[in-house]
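Undergrad: how does the following fold in three dimensions:
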Amino acid sequence: MGCIKRCWDQEIRRGVYSCPTCRTTFKKRPALSKNTVLADILEGMKQEDPAGPGDVTCDVCKGRRVKAIQSCLVCMASYCQTHIQPHYESKAFKKHKLVKSSQNLQHQICPLHHNKALEIYCYNDQKCICVVCMGNQHSGHTTVSATAEMAKKQEQLKIIKKSLIQKNNDMDQEILKFKEAVVSHKRSAQAAVENSDQIFTEIIRSIQNIQAEVREKIRAQENKEVRDAENHIQMLEQEIVKLQKENCKVEPLLCTEDHIYFLQNYSLSSGILQNNSSKDVKNLTFEKLEQSLSELKSQLDKACEEHMGRVFNKVADVQEFNETERSQSIYHSEMEVGMEVQIWDCCDDFIYG
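TA: Modelled structure (predicted):
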């Protein structure tokens, strides 16, 4: 309006006014007023929502994407708030079928009768039909309006949705329980590992103690036998010295011709031969000990195989997260202790048997 006023202010000298658009001239300056029709259209356009992603756009609006609010099954077009008004106001559109705006209107039209909307639901064929189909191909079938059937099935869907929500909540609770069980299971497994490490450390320590005890007994027996042998050697060496001395005495007797001297000294030389301190020499070895150790190893291997087989079976039995975890873990410890006791029994039989 301001632009038009400035234009006409410049034409005052001429006394003739012209329309800036169509160039129609007026001798008298027209009185300008607001175009209410155009203003209403513009105001309606301002109130219309722009179409967003996934929205149905108006088929009449050009140059901009305006959100459609309804679609016409007769016109096969979608309209915004402004362009849908003729369908409300004009009698020519009174028989047109308006539905919620849809991207694909074709699926709401009967494929056999293209000018008819799908408004009826047939129970016999489980499909939507038009009024013409109901009187022809679906004559005698049980039918109901699509709207009523939709309302009925929506109620069913509400029940299903409620069940789905309940099931989802139940699964959430189950997931929570399993997560807690996983934490508890890991804690139980860690405790079992630490306990088994402790048991096996004690077993190893026990075997090391037994090893040290066996080594000590072997060394003690070795020292005793060596000491006895050395004492016997020393005694034999002392007797050899005596024999050598006697031999020195015997030599003159063999060479003398004095029979009185010979007979007087003969008795002294014969006495030493009656003292026999010799012993049989035995080849002392620890072969029997080695055999016994081999038997001990076999018994320990058998005991370990038997008990570890049970332990592994009990480990494999831990498949469910429940209250029996702790008792199973305790049973593992008892199995390990039982194995340690049997190992001790084998070792005791070996050492003291």
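Undergrad: strands along the stretch 151-300 of the chain, start to end?
TA: Counting by DSSP state E, counting those that start in this stretch, the stretch 151-300 of the chain forms no strands at all.
Undergrad: below-threshold pLDDT in it: ranges please.
TA: Scanning the stretch 151-300 of the chain for pLDDT under 70 picks out 267-283.
Undergrad: what packs against the longest helix along the chain?
TA: Identified as the longest helix of the chain according to DSSP state H is helix 146-255. If contacts are counted by 3 or more Cβ pairs under 8 Å, 6 or more residues apart in numbering; DSSP states H and E, helix 146-255 sits against strand 120-122, helix 259-270, helix 324-352. All C-beta spots, glycine's among them, are computed from the backbone N, C-alpha and C.
Undergrad: now the element after the host helix or strand of residue 37, going C-ward?
TA: Using DSSP states H and E, residue 37 falls within helix 36-47. Later in the chain than helix 36-47, the nearest helix or strand by DSSP H and E is strand 70-72.
Undergrad: which strands border that following strand, and is each parallel or antiparallel?
TA: Using DSSP bridges, strand 70-72 pairs in its sheet with strand 77-79 (antiparallel), strand 98-100 (antiparallel).
Undergrad: can you list contacts of that strand?
TA: For strand 70-72, contacts defined as Cβ atoms under 8 Å, 6 or more residues apart in numbering pick out 56, 77-79, 84, 87, 93, 96-102, 105.
Undergrad: model confidence over it, on average?
TA: For strand 70-72, mean pLDDT rounds to 86.
Undergrad: comparing the strands paired with strand 70-72 by mean pLDDT, which bottoms out?
TA: Looking at the strands paired with strand 70-72, the bottom one is strand 98-100 with a mean of 82.
Undergrad: tell me the domain ranges of this protein?
TA: The chain breaks down into these domains under automatic domain parsing: 1-33, 42-107, 160-352.
Undergrad: ends of the shortest one, how far apart?
TA: Domain 1-33 has its terminal residues 9 Å apart, counting by Cα to Cα, to the nearest Å.
Undergrad: related to what we said a few turns ago, of all the strands paired with strand 70-72, which one is nearest residue 156?
TA: Residue 156 sits nearest to strand 98-100 of all the strands paired with strand 70-72, at 21.1 Å, using Cβ to Cβ.
Undergrad: can you give me the buried ones in that closest one?
TA: residue 98 (16 or more other Cβ atoms under 10 Å).
Undergrad: same question for stretch 187-201.
TA: So for stretch 187-201, counting by 16+ other Cβ under 10 Å, buried means 188, 192, 195-196, 199.
Undergrad: do you know how far residue 81 is from residue 88?
TA: 11 Å (Cβ to Cβ, to the nearest Å).
Undergrad: oh, I was asking about residue 293
TA: 108 Å.
Undergrad: same question for residue 151.
TA: Distance from residue 151 to residue 88, by Cβ to Cβ: 25 Å.
Undergrad: hmm, back to that, neighbour-wise, which of residue 81 and residue 88 wins?
TA: Comparing residue 81 with residue 88 by other Cβ atoms under 10 Å, the one with more neighbours is residue 81, at 17 against 10.
Undergrad: doesn't residue 61 make contact with that one?
TA: No. Using Cβ atoms under 8 Å as the test, residue 81 is too far from residue 61 to be in contact (10.5 Å).
Undergrad: between these two, what contacts are shared?
TA: Going by Cβ under 8 Å, 6+ apart, no residue sits against residue 81 while also sitting against residue 61.
Undergrad: just to revisit the earlier point, per-stretch mean pLDDT over the helices and strands packed on helix 146-255, give me the minimum one.
TA: helix 324-352 (a mean of 52).
Undergrad: out of the buried residues of stretch 187-201, the closest to residue 219 would be?
TA: Within these, the smallest distance to residue 219 is 30.5 Å, found for residue 199 (Cβ to Cβ).
Undergrad: separation between the closest one and residue 179?
TA: Noted for residue 199: a distance of 30 Å to residue 179, by Cβ to Cβ.
Undergrad: also residue 39?
TA: Using Cβ to Cβ, residue 39 is found at 64 Å from residue 179.
Undergrad: chain center to the longest helix of the chain, what's the gap?
TA: How far helix 146-255 lies from its chain's middle: 31 Å, per Cα atoms, centre = their mean, to the nearest Å.
Undergrad: and the gap between the nearest residue to residue 112 once chain neighbours are set aside and residue 81?
TA: Distances taken as Cβ to Cβ, 6 or more residues apart in numbering place residue 133 nearest to residue 112, at 6.4 Å, with adjacent residues excluded. Distance of residue 133 to residue 81, computed by Cβ to Cβ: 34 Å.
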